[in-house]
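Chemist: Just need the structure, nothing else, for what follows:
(one chain, ligands or ions: 1)
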Amino acid sequence: MRHAWSSSRLRLVQVGTAARSRTSLMLTSNFCTKRKKVARLEKKTYTKTLQWIVNLAEQSLLNKLIRRSLVRNRNQVEVLQADPNSPLYSVKTFEELRLKPELLKGVYNMGFNRPSRIQENALPMMLAQPPQNLIAQSQSGTGKTAAFSLAMLSHVNPDNKWTQCLCIAPTYELALQTGQVIEQMGKFCPDVKLAYAIRGNRMERGAKLQEQIVIGTPGTVHDWCTKYKLIDPKKITMFVLDEADVMIATQGHRDQSIRIHRQLPMNCQMLFFSATFEDSVWRFAEQIVPEPNIIRLKREEETLDTIKQFYVNCKEKEDKFTALCNLYGALTIAQAMIFCRTRKMAAWLTESLTKEGHQVALLSGEMTVEQRAAVIERFRSGKEKVLVTTNVCSRGIDVEQVSLVVNFDLPVDLDGNADNETYLHRIGRTGRFGRRGFAVNMVDSQHSMDIIKQIEMHFDRKIIKLDTSNLEEMENLIS
Ligand SMILES: Nc1ncnc2c1ncn2[C@@H]1O[C@H](COP(=O)(O)OP(=O)(O)OP(=O)(O)O)[C@@H](O)[C@H]1O
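Modeler: Next up is the predicted model:
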């Protein structure tokens with residue numbers, strides 16, 4: 001299957017050229033206006049049909065890739081789940097975690113066979129009686145969302161028609177995605193209902209919600225609790241903070257989250273989850289969560305072995321673009337996510353990739369949340385194979401088929417130092433639940449080389465140099 005994508009594009013170019021010459025022949029051989037009109041129409045139909053065939057071919061190629069990678073991945077997950085060194089390893093089965101039969105049906109229906117380590121360790125703590133608080137860290141894509149979704153679905157009493165679990169996520173699209181996981185998992189729990197506290201979801205003021213679980217973003221959840229009085233915070237018995245580090249480290253989120261947190265009853269169970277926790281953020285989390293159980297990774301465990309990390313030396317943005325095209329020539333890439341620092345760069349890259357014939361989606365901060373969610377949905381369904389973005393979706397977004405993440409610009413903090421947490425979240429968009437993934441960093445200056453060194457030191461993990469003009473070397477390194 002190597003080169004499959006590039007060879008399909010080659011065919012597309014050849015067919016396109018043939019089509020152009022045939023149509024131009026047809027046009028020059030006929031001087032009659034009517035005939036010209038017909039010819040124009042024929043050309044249009046011909047081009048449309050061609051485009052349709054090409055789309056179909058690409059779609060079926062992608063489907064084939066997806067099917068192959070699903071089979072390969074099923075085997076890979078089974079191997080990893082039996083390897084005590086893998087974060088997917090577990091000793092217990094879902095049955096042994098004492099999930100209700102309808103939830104067991106839900107997880108098996110989603111294709112899960114065994115729990116991952118975080119699920120195996122966190123679920124007993126989250127379901128213990130009396131309730132226990134938890135601050136938990138686990139590598140990206142290892143099943144944290146699934147773990148706390150199961151905890152909420154297990155926790156609620158379906159007979160009580162009021163909100164009992166509150167889950168907060170940092171972005172609209174992440175709240176939607178988590179909501180979809182809860183809905184899928186709770187498919188066989190018809191009496192458990194879920195409401196989305198996200199922008200645009202208007203509710204009647206004062207009409208108390210009957211949904212037992214509410215998932216939302218901090219601002220809207222806060223409004224629903226205080227301004228609209230849709231939720232009685234005193235009746236909340238489980239509070240989940242997803243991407244907890246960013247929720248307590250970024251000013252706006254922290255203020256809202258703390259305001260919500262203050263209204264909850266003293267005995268409300270607190271569950272904080274993230275793949276990353278800077279030391280200071282961890283200390284702060286421990287201050288606001290009383291007597292927590294703690295699941296914490298060692299620094300060197302934070303990166304996943306299944307994601308291979310590289311850097312490529314490039315001078316200008318044009319070199320980065322060429323390197324990217326070379327990568328496409330050498331790798332079989334189902335879907336890719338590319339991170340840029342500015343909207344301008346993201347727009348330029350999107351245009352350049354589109355001109356090259358790639359199906360590209362652009363996601364950036366100036367879009368409305370609904371537009372952003374629609375772009376992610378199209379990408380998730382495979383309509384676009386490349387997603388170019390600024391930092392807006394570095395966290396949490398779960399698209400299984402992403403096999404390549406490119407840092408077109410490296411993530412830096414306000415002082416220009418390496419932003420290690422963002423780096424980890426970005427590369428974690430690939431290598432989901434045991435899948436293989438590649439992360440490629442474009443290095444365009446001494447400063448960005450220093451950042452690579454900082455990242456290497458921070459995670460104690462080598463980032464390997466890749467020469468994208470040397471196909472043979474590249475194939476050896478990435479195979
Ligand atoms: N036990 C399991 N067996 C098989 N697949 C699973 C299991 N648990 C979760 N998954 C799948 O693994 C993928 C990643 O899971 P999830 O999104 O819960 O990870 P996460 O740790 O929350 O990731 P992130 O840190 O990026 O937020 C999802 O596609 C999910 O459906």
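Chemist: contacting residues for the closest residue to N313 other than its chain neighbours?
Modeler: Of all residues not flanking N313 in the chain, V443 sits nearest, at 5.4 Å (CB to CB, 6 or more residues apart in numbering). (C-beta placed from N, C-alpha, C; glycine too.) Each residue near V443 by CB atoms under 8 Å, 6 or more residues apart in numbering is listed here: 311-314, 410, 449, 452.
Chemist: are any of these buried, and which?
Modeler: Neighbour counting with 16 or more other CB atoms under 10 Å marks 311-314, 410, 452 as buried within these.
Chemist: Could you list which of the residues you listed belong to strands?
Modeler: 311-313 (DSSP state E).
Chemist: So which of the residues you listed is the closest to A361?
Modeler: Nearest to A361, judged by CB to CB, of these is V312 at 23.1 Å.
Chemist: List the beta-bridge partners for the closest one.
Modeler: Note on V312: beta-bridge partners by DSSP bridges are M442.
Chemist: is it true that it touches I464?
Modeler: No - if you go by CB atoms under 8 Å, V312 and I464 don't touch, sitting 10.2 Å apart.
Chemist: quick one on the thing from earlier: so which of the ones in strands among the buried ones among the contacts of V443 also contact the ligand?
Modeler: By CB under 6 Å from any ligand atom, no member of those lies near the ligand.
Chemist: Contact residues of the protein facing the ligand?
Modeler: Within the chain, the positions near the ligand by CB under 6 Å from any ligand atom are 112, 115-116, 119, 138, 140-146, 275, 396, 398, 400, 428, 432-433.
Chemist: So which of these sit within helices?
Modeler: Among the residues of the chain next to the ligand, DSSP state H puts 119, 144-146 in helices.
Chemist: Grab the nearest non-local neighbour of the residue of the stretch 351-479 of the chain found nearest the ligand.
Modeler: Residue nearest to the ligand within the stretch 351-479 of the chain: F433 (3.2 Å; CB to the nearest ligand atom). Leaving aside its sequence neighbours, F433 sits nearest to G141 (CB to CB, 6+ apart; 5.4 Å).
Chemist: R341 should be in a helix, yeah?
Modeler: No - counting by DSSP: H, G, I helix; E, B strand; the rest coil, R341 is not found in a helix; it is coil.
Chemist: What score does it have for pLDDT?
Modeler: As summarised for this prediction, R341 has a pLDDT of 94.
Chemist: So it sits against G416, correct?
Modeler: No - with contact defined as CB under 8 Å, R341 does not count as touching G416 (11.5 Å).
Chemist: quick one, which of these two is more surrounded?
Modeler: Set R341 next to G416 and count neighbours by other CB atoms under 10 Å: R341 wins out with 15 against 10.
Chemist: distance of the more buried one from the ligand?
Modeler: To the ligand, R341 is 21 Å away according to CB to the nearest ligand atom, to the nearest Å.
Chemist: Quick one: residues contacting whatever residue of the stretch 201-350 of the chain ends up closest to the ligand.
Modeler: Closest residue of the stretch 201-350 of the chain to the ligand, CB to the nearest ligand atom: A275 (4.1 Å). The contact partners of A275, by CB under 8 Å, 6+ apart, come to 137-140, 144, 302, 424-425, 428.
Chemist: I260: which of these is nearest?
Modeler: Distances from I260 to these, taken by CB to CB, are shortest for K144, at 20.3 Å.
Chemist: what pLDDT does the residue nearest the centre of the chain get?
Modeler: Residue closest to the average C-alpha location in the chain (CA atoms, centre = their mean): I397, at 2.0 Å. What the model reports as pLDDT for I397 is 90.
Chemist: list the contacts for it?
Modeler: I397 makes contacts with 173-174, 177, 376, 429, as judged by CB under 8 Å, 6+ apart.
Chemist: mind redoing it with 10 Å?
Modeler: By CB atoms under 10 Å, 6 or more residues apart in numbering, the residues touching I397 are 171, 173-174, 177, 337, 363, 376, 379-380, 387, 389, 425, 428-429.
Chemist: Restricted to strands, list those residues.
Modeler: Going by DSSP E, the strands hold 337, 363, 387, 389 from the contacts of I397.
Chemist: isn't the first one right up against V360?
Modeler: No - using CB atoms under 10 Å, M337 is not in contact with V360; the gap is 11.0 Å.
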